[in-house]
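Build me a model from this:
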Amino acid sequence: MKQLKVLLSMALIASSLQLFAQTNKETTDKIIKEQNYTFVANAAIPMASLDVSRILERMPGNTGGTYINLTGSNYDFRVTKDSVVAFLPFYGRSFSAPYNPNDGGIKFTSKDFTYKQTLSKKGNYTVQINTKDVQRENFRLTLSVSKNGYATLVATGNNKQPITFNGVLEEPKKKD
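Okay, here's the model as predicted:
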């Protein structure tokens, strides 16, 4: 029954995403090719584990699954040609804790990283980013982007369980 609720809620969310398209195909192509975009996280989906499920059951607004709504929370992942900046939460098992509790989550700026993008026959992009200079932990980030700018980001660190984020790609905001 619990799995049915999760499946139905995911189907509802996926169908409602069509109403909030952020970019068109031309804009998505342009920002991916220019390597200048922001991924805005709308949901976090931690790796399933008994510990995480127990904590999520106690959270207000729990939908009965491991889906965490991040809409309006300003969590994002910015990519430019010379840097990658992440400001994302982390829900799951971490194998080493930071000294400062404010350093939790997936927060880093990387200037030394590899960037590889591929385009599928259907026009969807897959971007693979591997950081090399993050002090505590390097990350492998896989971003799957649809033609309309909807995206899924999978963050895998060497000290944390993988976590998935759903969201949208946006053009970077113009500075005045």
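
do you know how far Cys146 is from Phe95?
Let me fix one detail, which is that residue 146 is Ser and not Cys. 33 Å (C-beta to C-beta, to the nearest Å). (C-beta placed from N, C-alpha, C; glycine too.)

So which of these two has more stuff around it?
Neighbours were counted for Ser146 and for Phe95 using other C-beta atoms under 10 Å; Ser146 has more, 19 against 10.

so Asp133 sits right up against Ser110, yeah?
Yes - using C-beta atoms under 8 Å, Asp133 is in contact with Ser110, at 5.6 Å.

what about those two, which has more around it?
Per other C-beta under 10 Å, whichever of Asp133 and Ser110 has more neighbours is Ser110, with 18 against 11.

nearest residue to the more buried one other than its sequence neighbours?
Excluding the flanking residues, the one nearest Ser110 by C-beta to C-beta, 6 or more residues apart in numbering is Thr131, at 4.1 Å.

Now for that neighbour, how many residues are close by?
Thr131: 20 neighbours (other C-beta under 10 Å).

Which stretches in the protein count as strands?
With DSSP state E as the criterion, the chain has strands at 37-46, 68-69, 76-79, 84-88, 106-110, 113-119, 125-131, 139-145, 150-157, 163-170.

The longest one pairs with which strands, and in what direction?
Here strand 37-46 has these sheet partners by DSSP bridges: strand 68-69 (antiparallel), strand 76-79 (antiparallel), strand 163-170 (antiparallel).

could I get the ones you listed as TSV with mean neighbour count, distance to Glu26 and mean pLDDT?
What follows is the strands paired with strand 37-46, written out as TSV (neighbours: other C-beta atoms under 10 Å; distance: least, C-beta to C-beta, whole Å; pLDDT from 0 to 100):
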stretch	mean neighbour count	distance to Glu26	mean pLDDT
strand 68-69	16	30	83
strand 76-79	20	19	94
strand 163-170	22	13	94
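
export the ones you listed to CSV and tack on distance to Gly104?
Formatted as CSV, the strands paired with strand 37-46 follow (distance: least, C-beta to C-beta, whole Å):
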stretch, distance to Gly104
strand 68-69, 15
strand 76-79, 16
strand 163-170, 13
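
Those: which one's closest to Val127?
Counting by C-beta to C-beta, Val127 lies closest to strand 76-79 out of those; the figure is 7.8 Å.

Restricting to C-alpha, output the closest one in CSV.
Output of strand 76-79 as CSV, limited to C-alpha atoms (Å, rounded to 0.1, in the frame of the first residue of the first chain):
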residue,chain,number,x,y,z
ASP,A,76,20.6,25.1,-6.7
PHE,A,77,23.6,23.9,-8.7
ARG,A,78,25.3,26.5,-11.0
VAL,A,79,27.5,25.6,-13.9
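
what's in contact with it?
Outside strand 76-79, the residues that touch it by C-beta atoms under 8 Å, 6 or more residues apart in numbering are 35-41, 84-88, 115, 127, 129, 141, 143, 153, 165, 172.
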